[in-house]
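Trainee: This is a predicted model, with the sequence first.
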Amino acid sequence: MPSSNIHLGKTFLSTNYDTSIDQLIITFEDGGSATADIVLGADGIRSAVRRSFVPGSEPKWTGWVAFRAVFKADRLKDVDEILQEANHWWGHDRTFFSSRLGTDLFTIVGGNYSDPEAPDAPFKDAVWNSEGDVNILREYYKDWHPHIRKMIDATPSVRQYPNTSAPAIDTWTYGKGRITLAGDAAHAHGGALAAGGSLALDDAYAFAAALWHVFPPGAAHSKANIARALSLYERTRKPHTDRVISLVRKGNSLTIARLRKQKALAETDEELRQRLKLRSDPYWIHEHDVQAAFAEVIAEDSKNLTAAVKL
C-alpha cells in the first residue's frame, strides 16, 4: 500500500452510507472526511466506531488493575532460576506473572482485585498506562515467595492498567453491510487469558481471507458482494470471541463473589488449591484454528448458495 494512502492523527466521528455515490462517507473530529467502500473499526476497546452504532457498549472497570514492568534481565542475574521459564503464581487475593522477553528483557505483572461496586475500591479512577507505585506492589507481595520478592525488588518502576470489559454485541456489521469491527473494538473482553493479541491477529486473517474469497484477483467485482464478505468474516470469528467473552465475564463474576465472601470468611489454603485445580482450561482459546473455522463457514456458505440457485 502506498504511504500516501495512510493518514495519521485522524479521530473517527461518524460514517454514513451515501446511495448517490454507493460509498461510505467517514467524518473526523477535525472536520475532514473520506470515502470508502468498507470501514473496518479496529480502534480499541473504547472504539468510537462501535460506540457510534451501539451507544451502550462502553466498557466498564472489572475491579482489576494490573501493575506491569519491563526491565533489563541482567537486573536478576544473581537469580538465574527465575529467568528460565514463564511463571504464573496464584494467591488468595491476587496473582503474579513473570517471563523473559526476547534475549535481554524481563517482565512482571502483578496487581490488585477489588469489588468494582465498592465506593472505596482502590484504583477505580486509575488511568490506562499511567505511572504506578512500585512500593505498593512490594507491599502487596511482601509475604509471597522470595523469588517473587526478588523480582519486585529488582523492578525500577511500574505502569498501571485498569482492566475494563463489555458484553458481547449482537452483530459486528453495520452500514448496509459495509462496516465491521475487529480486535478489542469487536470483542471488548477485557483480558482473554493472554490471548488478546492472538484474537486480533485471527480477526485480521479472517477479514482478509473473506475479502480474497469474495473478491479474487482478476475477477469481476460487485460492491453488492461486500455484505457477503463481511458476513463470512463475522461468522468465522464471532462465535469464538463470544465464547471467550462469556468465559472471561464468568471468571470476573466469580472473582468479585469471592472477594465479597472473603470480607466475612477468608479463603483457606485448601480452598485455594481446589480453585486452582478447577480453573478453566484455556487450551481451546490458544489452539483455536481460524483457518479451519473459515473453511467451515465457506463450506456452509457454498451449500446455502447452491440451495438458493436450486430454488
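Mentor: Everything's here; your move.
Trainee: Okay, now the sheet partners of the top strand by length along the chain, with direction.
Mentor: The residue-count maximum for a strand in the chain (DSSP state E) belongs to strand 60-72. According to DSSP bridges, strand 60-72 forms sheet pairs with strand 105-113 (antiparallel), strand 159-165 (antiparallel).
Trainee: Would you mind pulling up the elements that the next helix or strand after the last one packs against?
Mentor: Spelled out, it's strand 159-165. In the C-terminal direction, the helix or strand that comes right after strand 159-165 (DSSP states H and E) is strand 179-181. Judged by 3 or more CB pairs under 8 Å, 6 or more residues apart in numbering; DSSP states H and E, strand 179-181 is in contact with strand 39-41, helix 48-53, helix 226-262. From N, CA and C alone the C-beta is placed, and that goes for glycine too.
Trainee: Give me the contacts around the first one.
Mentor: What it means is strand 39-41. 12, 15, 24, 26, 47-50, 175, 178-182, 185-186, 207 (CB atoms under 8 Å, 6 or more residues apart in numbering).
Trainee: Can you verify my assumption that Thr180 contacts Ala210?
Mentor: No - Thr180 is beyond contact range of Ala210, at 9.5 Å (criterion: CB atoms under 8 Å).
Trainee: Neighbour count: those two, which is higher?
Mentor: Neighbour totals were compared for Thr180 and Ala210, and Thr180 leads with 29 against 25 (other CB atoms under 10 Å).
Trainee: tell me the contacts of the more buried one?
Mentor: Contacts of Thr180 (CB under 8 Å, 6+ apart): Ile38, Val39, Leu40, Gly41, Trp172, Thr173, Tyr174, Ala186, Phe207, Leu230, Tyr233, Glu234.
Trainee: ok, 10 Å please
Mentor: Counting by CB atoms under 10 Å, 6 or more residues apart in numbering, Thr180 makes contact with 38-42, 49, 171-174, 186, 203, 207, 210, 226-227, 229-231, 233-234, 237.
Trainee: Shouldn't Ile285 be within a helix?
Mentor: Yes - assessed by DSSP: H, G, I helix; E, B strand; the rest coil, Ile285 belongs to a helix.
Trainee: Give me the neighbour count for it.
Mentor: Residues near Ile285, counting by other CB under 10 Å: 20.
Trainee: Identify each buried residue in the helix or strand containing Ile152, please.
Mentor: If you go by DSSP H and E, Ile152 is part of helix 146-153. Residues His147, Ile148, Met151, Ile152 are the ones in helix 146-153 that count as buried (16 or more other CB atoms under 10 Å).
Trainee: Export only the CA atoms of the helix or strand hosting His88, formatted as PDB.
Mentor: Taking DSSP H and E as the criterion, His88 maps to strand 87-90. C-alpha atoms of strand 87-90 as PDB (Å, rounded to 0.1, in the frame of the first residue of the first chain):
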ATOM      1  CA  ASN A  87       5.600 -18.500  35.500                       C
ATOM      2  CA  HIS A  88       2.100 -17.700  36.900                       C
ATOM      3  CA  TRP A  89       1.500 -17.800  40.600                       C
ATOM      4  CA  TRP A  90      -1.800 -17.800  42.300                       C
END
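Trainee: So which residues make contact with that strand?
Mentor: 95-99, 108-110, 141, 144-145, 147-148, 151, 194, 272-273, 275-276, 279.
Trainee: any residues in contact with both of Thr180 and Ala210?
Mentor: Counting by CB under 10 Å, 6+ apart, the residues touching both Thr180 and Ala210 are Ala229, Leu230, Ser231, Tyr233, Glu234, Arg237.
Trainee: Just give the closest residue to the first one, not the sequence neighbours.
Mentor: With sequence-adjacent residues excluded and distances taken as CB to CB, 6 or more residues apart in numbering, Ala229 is closest to Val214, at 3.9 Å.
Trainee: Would you confirm that that neighbour contacts Ile226?
Mentor: Yes - taking contacts as CB atoms under 10 Å, Val214 lies within contact range of Ile226: 7.8 Å.
Trainee: picking up where we left off before, contacts for the helix holding Ile152, please.
Mentor: So helix 146-153 is contacted by 67, 69, 71, 75-76, 78-79, 81-83, 87, 89, 91, 96, 98, 106-108, 110, 134-135, 137-145, 158 (CB under 10 Å, 6+ apart).
Trainee: Distance from the chain centre to it, please.
Mentor: Put simply, helix 146-153 sits 29 Å off its chain's centre (CA atoms, centre = their mean, to the nearest Å).
Trainee: What angle do strand 60-72 and it make with each other?
Mentor: 90 degrees (axes from the mean of the first three to the mean of the last three CA atoms, to 10 degrees).
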